[in-house]
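Asker: Curious how this folds, go ahead:
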Amino acid sequence: MRADRPPSGTMVSMTSARTLEYPQQPPRRRSRRKTWIVSAIVIVLTLIIGVIAADRIVDFTTEQRIADGLSDYGDADVSVEGFPVLTQMASGKLDSVHITADEATYEDVDFTDVDAKLYDVPTDTSRPIGTVDATAVLPHSTLDALASDHASLPAGMTFTTEDGELFLKGSLLDQDLLIGIEPKADGRRAVVDASEIRLGSAHVDVDSLPGFLTSAISDIVIDLDFLPAGLELTEITATEAGLQVRLHGSGVTLE
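Answerer: Just a heads-up that it's a prediction; the model follows:
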């Protein structure tokens, strides 16, 4: 008798034999469900990537269009902020636009180090910009030109900066003459008041001098009406390059 043959009278279940020969397979329904979920995720990710790519394209083209629109004023770097840009464009205005330029010219007035933040910028350029916060530097040469056109300075005097202070520089009795001045923001004007006089090594406080001697260097007003409508000066700071002006305004138009 062979050892592997079951004892006489013992019945072998056909079901058990088939189970041993063909193990149970996992239900196909669960496998199909997993496949459907993976496919859905892939589709969603593809759509998201497509929307982001399209938004970045619109972002780039919008920045380029704004930069091209500003080309008459100078070579500007433009960054449209906020995401997505597509919905901003659909709403008719951009939340925030950051503009910088090493040099710019507006109404024949030269600026340097321009840094401007524009908020609620309409896509229709005929409408005003919601809010503008900006800084820019008026170089000494620009100050000289503005003072020549809009103020009465003593003959031969020009602007300069020394030790972080703004001066009018000239000569008197073959000696260097420096008149220390304090610029102040006054709406759309810059008001310049003399604070001291340096002639060679001698320093004189302007307040100690008679008014008729200082009238030509007191209350010098530089009119800045050339600025875009809606902008006003909020702060003026002397720098080595000239005067840094801080500007703020609402409903600003460039034309």
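
Asker: only C-alpha atoms for contact and neighbour calcs from this point on.
Answerer: Will do.

Asker: name the element the spatially most central residue of the chain belongs to?
Answerer: The centroid of the chain falls nearest to residue 98 when counting by Cα atoms, centre = their mean (2.5 Å). Residue 98 belongs to strand 93-106 when assigned by DSSP states H and E.

Asker: For that strand, list every residue counted as buried.
Answerer: 93-101, 103-104 (16 or more other Cα atoms under 10 Å).

Asker: just stretch 221-230 next, same as before
Answerer: Residues 221-224, 227, 229-230 are the ones in stretch 221-230 that count as buried (16+ other Cα under 10 Å).

Asker: Please apply the same query to stretch 163-171.
Answerer: Buried residues in stretch 163-171, defined by neighbour count with 16+ other Cα under 10 Å: 165-170.

Asker: quick check, nearest of these to residue 136?
Answerer: residue 166 (16.3 Å; Cα to Cα).

Asker: so the closest one makes contact with residue 160?
Answerer: Yes. Counting by Cα atoms under 8 Å, residue 166 touches residue 160, with 5.9 Å between them.

Asker: Please enumerate the shared neighbours of these two.
Answerer: The contact sets of residue 166 and residue 160 overlap at residue 242 (Cα atoms under 8 Å, 6 or more residues apart in numbering).

Asker: How is the chain partitioned into domains?
Answerer: What automatic domain parsing lists as the domains of the chain is 13-123, 139-253.

Asker: Now the terminal residues of the last one, how far apart.
Answerer: Across domain 139-253, the straight-line distance between its terminal residues is 24 Å, by Cα to Cα, to the nearest Å.

Asker: swap in stretch 100-119?
Answerer: 15 Å.

Asker: quick one, helices of the stretch 151-255 of the chain?
Answerer: 211-214 (DSSP state H, counting those that start in this stretch).

Asker: what stretches of it score poorly on pLDDT?
Answerer: Scanning the stretch 151-255 of the chain for pLDDT under 70 picks out the ranges 151-154, 208-219, 255.

Asker: Now do the helices in the stretch 1-150 of the chain.
Answerer: Going by DSSP H, counting those that start in this stretch, the stretch 1-150 of the chain shows helices at 14-21, 28-69, 85-91, 140-150.

Asker: mean pLDDT lowest for which of these?
Answerer: Note on the helices of the stretch 1-150 of the chain: lowest mean pLDDT is at helix 14-21, with a mean of 51.

Asker: Chain neighbours aside, what residue packs nearest to residue 143?
Answerer: Distance criterion Cα to Cα, 6 or more residues apart in numbering; nearest residue to residue 143, sequence neighbours excluded, is residue 159 at 6.8 Å.

Asker: I figured that neighbour hits residue 166, correct?
Answerer: Yes. Using Cα under 8 Å, residue 159 is in contact with residue 166, at 7.1 Å.

Asker: Adding distance to residue 188 as columns, could you present the buried residues of stretch 221-230 in CSV?
Answerer: Formatted as CSV, the buried residues of stretch 221-230 follow (distance: Cα to Cα, whole Å):
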residue, distance to residue 188
221, 10
222, 9
223, 7
224, 5
227, 8
229, 10
230, 9
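
Asker: Now go through those residues and say which are in strands.
Answerer: 221-223, 229-230 (DSSP state E).

Asker: so can I have a markdown table of these showing distance to residue 245?
Answerer: A markdown table is the format used below for these (distance: Cα to Cα, whole Å):
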| residue | distance to residue 245 |
| --- | --- |
| 221 | 15 |
| 222 | 13 |
| 223 | 14 |
| 229 | 16 |
| 230 | 15 |
